[in-house]
Each structure stands twice: as structure tokens, then as C-alpha cells.
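K.L.:
Have a look at this prediction, sequence included:
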Amino acid sequence: MMKEQDVRQWIAGYIAELLDLAEDDIKPDREFQEYGLDSADAIIIGGALEERFDTEIDATLFLRNDNIDRLIADLARSGLLE
């Protein structure tokens, strides 16, 4: 099972690296679309998340959640977070 803070930090760091931004510039309530991320990016990030935490997640996770806070809440509801 994944720890919420670890997942939250990893996602922010991954997006920051992908976009060449400082991790502090990634706000958990800001929509992914505002960063210029699209559905292809969402699929890639989802796959990287699965690989990093050695877990299987729903392929639509990033498509149905438009920011980090909502994504984390979805993972928690699905029982994937401690």
C-alpha cells in the first residue's frame, strides 16, 4: 500500500521534472491542464506511478481527476493509500 505523502510528493516532483519547473511551483489544487498536460501525459504519468510504487491503478485515474488533490482523494477512496 502506498503512503499518501510519498505519492503526493512523487507526483509533484514528476510533473515538475517533466515541465522543467521547481517542485514548489506545482500546486496540488491547480488543474493539470493549466500546466499544459494533456491526456497523453496523463497516461505516461499513470504508468510511471504504477512502476514507481509497484501497484496497479485504473488507467483513467489521471483522466478523471484534474489535479493532485483530487487524484489523491480518488486513490484513498479506492483503498490504495495508507
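P.N.:
That came through, no problem.
K.L.:
any idea how far residue 3 lies from residue 19?
P.N.:
Distance of residue 3 to residue 19, given as Cβ to Cβ, to the nearest Å: 24 Å. Glycine gets a C-beta too; all of them are placed from N, C-alpha and C.
K.L.:
Quick check: end-to-end length of stretch 74-82?
P.N.:
Length of stretch 74-82, first residue to last, Cα to Cα, to the nearest Å: 13 Å.
K.L.:
Next, the buried residues of that stretch.
P.N.:
Across stretch 74-82, burial judged by 16 or more other Cβ atoms under 10 Å covers 74-75, 80-81.
K.L.:
Compare residue 3 and residue 19 (neighbour count), which wins?
P.N.:
Neighbour tally, residue 3 and residue 19, criterion other Cβ atoms under 10 Å: the higher count belongs to residue 19, 14 against 11.
K.L.:
Hmm, residue 36 and the more buried one touching each other?
P.N.:
Yes. Counting by Cβ atoms under 8 Å, residue 19 touches residue 36, with 7.1 Å between them.
K.L.:
wait, doesn't residue 48 sit right on residue 13?
P.N.:
No. Residue 48 sits out of contact with residue 13 when judged by Cβ under 8 Å, with a separation of 10.9 Å.
K.L.:
about what we covered before: any chance of the buried residues of stretch 74-82 in JSON lines, plus secondary structure, distance to residue 28 and pLDDT?
P.N.:
JSON lines is the format used below for these (DSSP: H, G, I helix; E, B strand; the rest coil; distance: Cβ to Cβ, whole Å; pLDDT from 0 to 100):
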{"residue": "74", "secondary structure": "helix", "distance to residue 28": "13", "pLDDT": "95"}
{"residue": "75", "secondary structure": "helix", "distance to residue 28": "13", "pLDDT": "95"}
{"residue": "80", "secondary structure": "coil", "distance to residue 28": "17", "pLDDT": "92"}
{"residue": "81", "secondary structure": "strand", "distance to residue 28": "14", "pLDDT": "94"}
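K.L.:
Output those residues in a markdown table; the columns should cover distance to residue 53.
P.N.:
What follows is the buried residues of stretch 74-82, written out as a markdown table (distance: Cβ to Cβ, whole Å):
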| residue | distance to residue 53 |
| --- | --- |
| 74 | 15 |
| 75 | 10 |
| 80 | 9 |
| 81 | 10 |
